[in-house]
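A.B. asks: this is a predicted model, with the sequence first.
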Amino acid sequence: MRTRFNEPYYNNSRGTITASGSWTGDAFADVLLGVINASTNTTQTGQNYMRETAAGFFFNDDWKVTSHFTLNLGMRYELDLPANDAYGRMSNFIPSIGKIIASSVATVPNFTQLVQQAGLSNLFGVSTAYGLPGSLVYPNYKRLAPRLGFAWRPLDNNKTVIRGGYGIFYTGDELNDARLNLDDNFPFVITNSYARVTGNVNALTLANPWPQSLAVLGGTTTTYAYQSHAPAGYLQSYNFTVEREVWKGAVFEAAYVGSKGTHLSREYNLNQPFRSIPFYEQFGTGFPTLFPQLSTITAADFSANSIYSAGQFTLRKRGGGGIFYSLNYTYSKSIDDSSQYSGSSDGGFAGALDPRNLGLERARSDWDRGHIATAAFSYQLPAGRGKRWLGNSNRWVNGALGGWQLAANMIFETGQPFTIEDSSINANIGQSIRPNRIATGYNYTGTGKRGVDYPWYTPSAFVATPACASQTNCSPDPYGFLPFADGNSGRNILDSPGMQNINTSLLKNWAMNENGRKRVQFRWEVFNIFNHPNFQLPDRNFNETAAGYISSTQASGSGGPRIMQFALRYEY
């Protein structure tokens with residue numbers, strides 16, 4: 001598979017202008033007078049021509065060992081070569097070298113002058129000078145993926161089947177993220193910022209919002225570090241199932257399903273300052289970093305892992321008497337170090353609280369649901385069997401084709417986990433975005449509807465991490481917690497509201513010819529038929545006035561307010 005990903009990067013090429021009332025005290029008045037506070041623009045846009053090649057080779061075989069026992073065997077080898085830019089417009093920070101390495105600078109005009117202007121001459125290099133490939137990332141050739149499955153009927157009556165399987169599956173690449181992080185940065189994309197001059201009202205105006213004399217290069221101290229010798233991320237998936245016919249047409253199935261992810265990707269700031277009480281007391285807030293010339297270094301790391309286990313139980317019946325049903329229940333748990341490569345779910349936690357202690361992120365996955373029950377059924381109503389047209393006799397007759405059919409599907413699930421946060425911190429005096437937990441937070445008390453009339457969780461179960469009152473006063477708080485320590489409140493520790501959704505449909509078919517291939521169908525569908533409110537996450541910032549309160553429900557069609565729709569269609 002050959003992927004060609006051509007996309008320009010025109011972000012902010014027409015510029016952004018900001019007025020904030022710096023001159024008159026009112027932002028709108030500043031605009032009327034034609035004076036502004038700041039502006040930015042992209043003066044050199046990027047042209048991305050990403051290329052990626054992947055190949056896979058496999059064999060598999062079904063071996064019927066006996067009439068009751070079958071093996072499925074397979075082996076797959078996958079080769080995913082790293083993405084590269086056709087014109088070498090890529091850069092990557094290599095921590096072991098301590099420099100930002102560019103694939104090529106042939107297409108960058110005035111490259112030497114640019115890095116000198118940014119004060120980064122000692123931090124830039126070209127791949128050929130350091131023996132790096134043009135992709136700046138080495139390929140991983142260790143990608144063997146075995147597969148094994150079996151099916152066994154232990155009894156001659158063929159009512160019981162035992163199945164199982166195991167396989168390894170490798171991850172792919174987030175190509176768009178790689179493009180944005182490796183291609184669209186300095187010196188291939190150049191942004192400038194402009195700030196007002198306090199003593200000169202005419203220096204920065206609406207008429208001249210981007211004067212070259214005030215231009216300051218932007219984005220020169222932030223960079224991206226993709227692991228150059230990245231291990232291949234993979235998932236081990238396994239299952240064991242027992243299936244038994246319990247009565248005619250009805251089957252009960254019990255299964256264990258699990259998976260284990262290894263070398264999964266995650267992002268965090270590699271250059272987070274080393275903040276501590278001794279340093280603050282001696283030097284103040286000028287905390288040291290690994291690479292002092294740079295600010296944020298977004299590291300793409302492949303050290304995250306995951307584990308998932310589930311018990312699944314199903315009772316289903318197909319056909320016979322015009323009825324079908326399926327009842328399913330899953331009890332599961334999913335734990336990981338990071339649930340997404342970049343970003344997080346609404347209730348999750350992006351990045352890492354402490355890049356020097358990534359184990360703090362080990363917790364329930366953003367999408368973990370402890371209990372899920374689903375059901376579906378379809379029933380051919382005995383009333384109104386429908387009519388069909390007999391063309392050779394030019395008349396309608398009663399028949400089995402068509403008729404009324406009632407169907408429904410439903411889901412009940414516990415809520416997703418979410419992380420408690422502090423919305424107003426100052427990391428430079430010792431505070432942490434995740435607070436300290438002094439109680440479970442589960443002891444809900446109140447009158448009325450939980451999350452609406454009183455908080456969903458107990459905000460007082462959490463306290464802000466302490467801050468230093470001054471350089472000479474970094475005392476512990478009443479609970480013994482010290483400034484500059486990570487908050488002990490973990491990731492994804494509380495559950496949000498669960499969800500209940502029941503959808504129904506009623507339809508009738510009228511056959512328009514003898515074979516039933518042409519027909520008219522009427523449908524009446526109702527989503528969330530009982531109009532059950534399914535709430536979204538509560539305010540997870542424990543220190544806000546609305547802490548623990550819910551302010552929104554799921555969207556229509558996704559468990560939100562009831563929707564009813566009618567349809568009439570002709571099939572041929």
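C.D. replies: Sure thing, it's come through.

A.B. asks: phi first, then psi, for the residue nearest to residue 35 when sequence neighbours are not counted.
C.D. replies: Closest residue to residue 35 apart from its sequence neighbours, by CB to CB, 6 or more residues apart in numbering: residue 23 at 5.0 Å. (C-beta placed from N, C-alpha, C; glycine too.) Phi and psi for residue 23, reported as degrees, to the nearest 10, are phi -90, psi -40.

A.B. asks: who are the neighbours in contact with residue 23?
C.D. replies: By CB atoms under 8 Å, 6 or more residues apart in numbering, the residues touching residue 23 are 29-30, 33, 35, 37, 196, 201.

A.B. asks: right, and residue 448 touches residue 549 too?
C.D. replies: No - contact status for residue 448 versus residue 549: not in contact, 11.7 Å apart, counting by CB atoms under 8 Å.

A.B. asks: when the two are compared, which one has more neighbours?
C.D. replies: Comparing residue 448 with residue 549 by other CB atoms under 10 Å, the one with more neighbours is residue 549, at 16 against 8.

A.B. asks: pLDDT score for that one?
C.D. replies: At residue 549, the predicted lDDT confidence score is 96.

A.B. asks: how much space between it and residue 451?
C.D. replies: Counting by CB to CB, to the nearest Å, the gap from residue 549 to residue 451 is 6 Å.

A.B. asks: need the residues touching each of those two.
C.D. replies: residue 538.

A.B. asks: just the element for the residue nearest to the spatial centre of the chain, please.
C.D. replies: When CA atoms, centre = their mean is applied to the chain, the residue found nearest the centroid is residue 340 (4.5 Å). Assigned by DSSP states H and E, residue 340 falls within no helix or strand.

A.B. asks: tell me which residues touch it, please.
C.D. replies: Contact analysis of residue 340 by CB under 8 Å, 6+ apart lists 348, 350, 366.

A.B. asks: now residue 163
C.D. replies: The contact partners of residue 163, taken as CB under 8 Å, 6+ apart, are 149-152, 239-241, 243.

A.B. asks: equivalent analysis for residue 324, please.
C.D. replies: Contacts of residue 324 (CB under 8 Å, 6+ apart): 316-318, 376-379.

A.B. asks: same question for residue 259.
C.D. replies: Contact analysis of residue 259 by CB under 8 Å, 6+ apart lists 235-238, 306-308.

A.B. asks: got it, and residue 552?
C.D. replies: With contact taken as CB under 8 Å, 6+ apart, residue 552 is in contact with 535-536.

A.B. asks: which one among the contacts of residue 340 gets closest to residue 357?
C.D. replies: residue 350 (16.6 Å; CB to CB).

A.B. asks: the closest one: which element?
C.D. replies: Residue 350 belongs to no helix or strand, assigned by DSSP H and E.

A.B. asks: once you drop chain neighbours, what's closest to it?
C.D. replies: Leaving out its chain neighbours, the residue that sits closest to residue 350 by CB to CB, 6+ apart is residue 344, at 4.2 Å.

A.B. asks: give me the number of residues near that neighbour?
C.D. replies: Using other CB under 10 Å, residue 344 has 16 other residues around it.

A.B. asks: which SS class is it?
C.D. replies: Using DSSP: H, G, I helix; E, B strand; the rest coil, the secondary structure recorded for residue 344 is coil.

A.B. asks: in this structure it contacts residue 363, no?
C.D. replies: No - using CB under 8 Å, residue 344 makes no contact with residue 363, being 11.6 Å away.

A.B. asks: which parts of the helix or strand where residue 29 lies are buried?
C.D. replies: Under the criterion of DSSP H and E, residue 29 resides in helix 27-33. Neighbour-count burial for helix 27-33 flags 27, 30 (criterion: 16 or more other CB atoms under 10 Å).

A.B. asks: quick one: the helices in the stretch 251-400 of the chain, in order.
C.D. replies: 277-283 (DSSP state H, counting those that start in this stretch).

A.B. asks: for it, give me the ranges with low pLDDT.
C.D. replies: Applying pLDDT under 70 to the stretch 251-400 of the chain flags residues 320, 383-400.

A.B. asks: next one: whatever helix or strand residue 47 lives in to chain centre, how far?
C.D. replies: Residue 47 belongs to strand 46-66 when elements are defined using DSSP H and E. Here strand 46-66 is found 25 Å from its chain centre; the criterion is CA atoms, centre = their mean, to the nearest Å.

A.B. asks: CA atoms only: put that strand into CSV for me.
C.D. replies: Provided in CSV are the C-alpha atoms of strand 46-66 (Å, rounded to 0.1, in the frame of the first residue of the first chain):
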residue,chain,number,x,y,z
GLY,A,46,4.0,24.8,4.4
GLN,A,47,3.5,22.4,1.5
ASN,A,48,3.3,18.8,2.7
TYR,A,49,3.9,15.8,0.5
MET,A,50,3.9,12.9,2.9
ARG,A,51,4.7,9.4,1.5
GLU,A,52,4.3,6.1,3.3
THR,A,53,4.7,2.5,2.2
ALA,A,54,3.3,-0.6,3.8
ALA,A,55,3.4,-4.2,2.9
GLY,A,56,2.0,-7.4,4.5
PHE,A,57,2.6,-11.1,3.8
PHE,A,58,0.6,-13.9,5.4
PHE,A,59,-0.4,-17.5,5.2
ASN,A,60,-3.2,-19.3,7.0
ASP,A,61,-4.6,-22.8,7.0
ASP,A,62,-7.7,-24.5,8.4
TRP,A,63,-6.8,-28.0,9.5
LYS,A,64,-9.6,-30.4,10.4
VAL,A,65,-7.8,-32.6,12.8
THR,A,66,-10.9,-34.8,13.5
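
A.B. asks: who's in contact with it?
C.D. replies: For strand 46-66, contacts defined as CB under 8 Å, 6+ apart pick out 1-9, 70-87, 89, 147, 172-173, 175, 178-179, 183-184, 188-189.

A.B. asks: what packs against the helix or strand following that strand?
C.D. replies: For strand 46-66, the following helix or strand on the C-terminal side (DSSP H and E) is strand 69-80. The helices and strands touching strand 69-80, judged by 3 or more CB pairs under 8 Å, 6 or more residues apart in numbering; DSSP states H and E, are strand 46-66, strand 144-152, strand 160-170.

A.B. asks: as TSV, the ones you listed with mean pLDDT and distance to residue 487 would be great.
C.D. replies: As requested, those are exported to TSV (pLDDT from 0 to 100; distance: least, CB to CB, whole Å):
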stretch	mean pLDDT	distance to residue 487
strand 46-66	94	39
strand 144-152	97	40
strand 160-170	97	36
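
A.B. asks: mind putting those strands in CSV, distance to residue 251 included?
C.D. replies: Shown next, in CSV, are those (distance: least, CB to CB, whole Å):
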stretch, distance to residue 251
strand 46-66, 22
strand 144-152, 15
strand 160-170, 9
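
A.B. asks: as a markdown table, the contacts of residue 23 with distance to residue 479 and pLDDT would be great.
C.D. replies: Formatted as a markdown table, these follow (distance: CB to CB, whole Å; pLDDT from 0 to 100):
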| residue | distance to residue 479 | pLDDT |
| --- | --- | --- |
| 29 | 49 | 96 |
| 30 | 47 | 95 |
| 33 | 53 | 95 |
| 35 | 50 | 95 |
| 37 | 43 | 96 |
| 196 | 46 | 95 |
| 201 | 52 | 94 |
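
A.B. asks: of those, which is the nearest to residue 429?
C.D. replies: Using CB to CB, these come closest to residue 429 at residue 37, 27.6 Å.

A.B. asks: neighbours around that closest one, how many?
C.D. replies: 17.

A.B. asks: give me the average confidence score over stretch 98-108.
C.D. replies: 94.

A.B. asks: list the buried residues of that stretch.
C.D. replies: The neighbour-count check on stretch 98-108 (16+ other CB under 10 Å) flags 99-105, 108 as buried.

A.B. asks: next one: that stretch to chain centre, how far?
C.D. replies: Centroid separation for stretch 98-108 versus its chain: 31 Å, with CA atoms, centre = their mean.
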